[in-house]
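S.K.: From the sequence below, what's the structure:
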Amino acid sequence: MCLGNSKYCLLHSLVTFFPTSNSKLIHSHKKKMLSLEIPVKIAYVAFALSLLSNSLLIYITIRCVKKVTGSYRRMIIQFSILSIIFSVLQIVAKPFAHNFNKGMMFFSLNTSGGPVLQVLISVWAGLFASIISLIAVQFVYRYLSFMDVEKARKFENLNTPLFWIIYPFVPGGLYTASLCFFCQPDSYSDDYMRNIIQENYSLNITNQSRLMILPFGVDGNLRWLNFSFIISATLLIFVHYVIIIFCGVKIYRYIKKELGKFSAKNMQLQQQFFCALVVQSLGPTILLVLPVSPLLFFPLLAHFLSIDLSYQTGWLCSVVGVFPIVDSVAFMIIVSEYRLWIIKKFTSVFATNHSSVSHSNGGIEMGHVPVVL
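M.R.: From the prediction side, this is the model:
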């Protein structure tokens with residue numbers, strides 16, 4: 001209720017129903033900050049689920065399964081550890097991206113950390129290349145185990161396993177180093193992205209830990225450092241996908257051709273491992289390569305096709321964060337030894353709880369329903 005001067009009451013009513021431009025700006029700023037909290041929350045949920053699923057996969061691989069041995073066992077454990085590290089870095093570095101016309105800014109939503117955050121988002125991106133290369137190594141191992149048993153046995157000696165364990169960090173390190181070195185911000189890239197970052201995120205670009213991909217200058221000439229990163233990143237991923245496809249086709253043809261020469265159990269196990277590898281390669285393809293590719297190639301397409309665009313492509317980072325969960329769960333579902341162990345544990349826990357309820361109800365024995373697996 002408004003008391004006193006009627007003119008004052010009228011002025012108060014106008015201010016109440018028609019807020020000032022400053023209040024609109026404050027509301028807009030809060031809305032932007034709220035929208036940026038969503039991918040951060042998604043990353044925390046993805047981390048928790050990734051830690052749970054990959055820790056379970058590591059535990060079962062080390063303690064419970066008997067048919068997964070040697071180098072392949074080490075590679076499964078390594079894959080799970082890389083997936084956990086990937087999820088940890090996502091909640092620490094909080095990577096995000098924005099594509100605007102011919103440029104892309106890859107930055108951290110974390111406001112404290114400075115140059116360290118720039119390194120962390122680069123390492124996070126580099127792990128993507130490490131994971132793809134580790135999948136390629138697994139395909140090579142399965143290919144050799146079918147086609148050249150002697151070479152496959154070399155995986156089991158003291159030196160070769162160490163080499164293949166270290167190898168995935170080579171393309172990952174190259175990806176990280178090229179991103180850090182070739183995509184450092186400069187005055188041109190900052191000026192190009194400054195207003196759009198302020199409008200979309202209410203952030204001062206100079207205060208953010210960022211990397212810039214702007215392959216063409218104002219006169220249309222190539223900015224060779226940024227362009228070199230796009231080429232090197234594409235080659236690193238492309239080479240390993242060629243290996244995956246080549247080995248995958250060879251393994252599929254071999255299994256189809258030699259189906260009758262192996263025991264039923266052995267062939268079933270090999271088919272499960274092959275299917276698990278295919279799913280493990282599809283996971284990063286759908287959840288890593290497809291979301292990341294537009295980030296890298298939009299600046300090129302925008303230049304050659306004269307396209308104007310402005311997108312918060314950092315939301316794709318939330319999609320990327322889901323893949324460690326999908327891959328580990330898919331592997332445990334496909335390989336029967338893992339699947340049956342999990343079913344057995346859940347069944348025993350259910351039976352124990354069922355028994356406890358029976359005893360707590362005056363010792364009345366409930367009927368037992370057999371579980372058919």
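S.K.: Helices of the stretch 1-150 of the chain, residue ranges please.
M.R.: Using DSSP state H, counting those that start in this stretch, the helices of the stretch 1-150 of the chain run over 6-17, 21-63, 70-93, 115-147, 149-154.
S.K.: Save those as CSV, and put in mean pLDDT too.
M.R.: Shown next, in CSV, are the helices of the stretch 1-150 of the chain (pLDDT from 0 to 100):
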stretch, mean pLDDT
helix 6-17, 42
helix 21-63, 75
helix 70-93, 90
helix 115-147, 88
helix 149-154, 66
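S.K.: which one of these lies closest to Ser108?
M.R.: Closest approach to Ser108 among the helices of the stretch 1-150 of the chain (CB to CB): helix 115-147, 4.4 Å. C-beta here means a position set from N, CA and C on the backbone, and glycine is covered the same way.
S.K.: Could you list every helix and strand in contact with the closest one?
M.R.: Applying 3 or more CB pairs under 8 Å, 6 or more residues apart in numbering; DSSP states H and E, we find helix 115-147 packed against helix 70-93, strand 95-100, strand 103-108, helix 149-154, helix 169-182, strand 210-213, helix 224-257, helix 264-284.
S.K.: any idea which of those scores lowest on pLDDT?
M.R.: Per-stretch mean pLDDT for those is lowest at helix 149-154 (a mean of 66).
S.K.: Report the mean per-residue pLDDT for the helix or strand that comes right after that helix.
M.R.: Scanning forward in sequence from helix 149-154 by DSSP states H and E, the next helix or strand is helix 160-166. Helix 160-166 carries an average pLDDT of 74.
S.K.: go on, stretch 331-338?
M.R.: In this model, stretch 331-338 has a mean pLDDT of 86.
S.K.: hang on, Asp308 in a helix?
M.R.: No - applying DSSP: H, G, I helix; E, B strand; the rest coil, one finds Asp308 to be coil, outside a helix.
S.K.: neighbours around the closest residue to it other than its chain neighbours, how many?
M.R.: Nearest non-adjacent residue to Asp308, counting by CB to CB, 6 or more residues apart in numbering: Asn101, 5.8 Å away. Residues lying near Asn101 (other CB atoms under 10 Å) number 18.
S.K.: these two touch, right, Asn101 and Ser306?
M.R.: No - judged on CB atoms under 8 Å, Asn101 makes no contact with Ser306 at a distance of 9.5 Å.
S.K.: where's Ala233 relative to Pro215, distance?
M.R.: To Pro215, Ala233 is 12 Å away according to CB to CB, to the nearest Å.
S.K.: what about Asn200, which helix or strand?
M.R.: Applying DSSP H and E, one finds Asn200 within helix 187-201.
S.K.: buried set for that helix?
M.R.: Under the neighbour-count criterion of 16 or more other CB atoms under 10 Å, helix 187-201 has Ser189, Asp190, Tyr192, Met193, Ile196, Ile197, Asn200, Tyr201 buried.
S.K.: on that earlier part again, who wins for proximity to Trp124 among the helices and strands packed on helix 115-147?
M.R.: Of all the helices and strands packed on helix 115-147, helix 70-93 sits nearest to Trp124, with 4.3 Å by CB to CB.
S.K.: Show me what that closest one is packed against.
M.R.: Looks like helix 70-93 contacts helix 21-63, helix 115-147, helix 160-166, helix 323-334 (3+ CB pairs under 8 Å, 6+ apart).
S.K.: would CSV of those with distance to Phe107 and mean neighbour count be doable?
M.R.: Formatted as CSV, those follow (distance: least, CB to CB, whole Å; neighbours: other CB atoms under 10 Å):
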stretch, distance to Phe107, mean neighbour count
helix 21-63, 11, 15
helix 115-147, 7, 21
helix 160-166, 31, 14
helix 323-334, 21, 22
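S.K.: now for these, which one comes closest to Leu301?
M.R.: helix 115-147 (20.3 Å).
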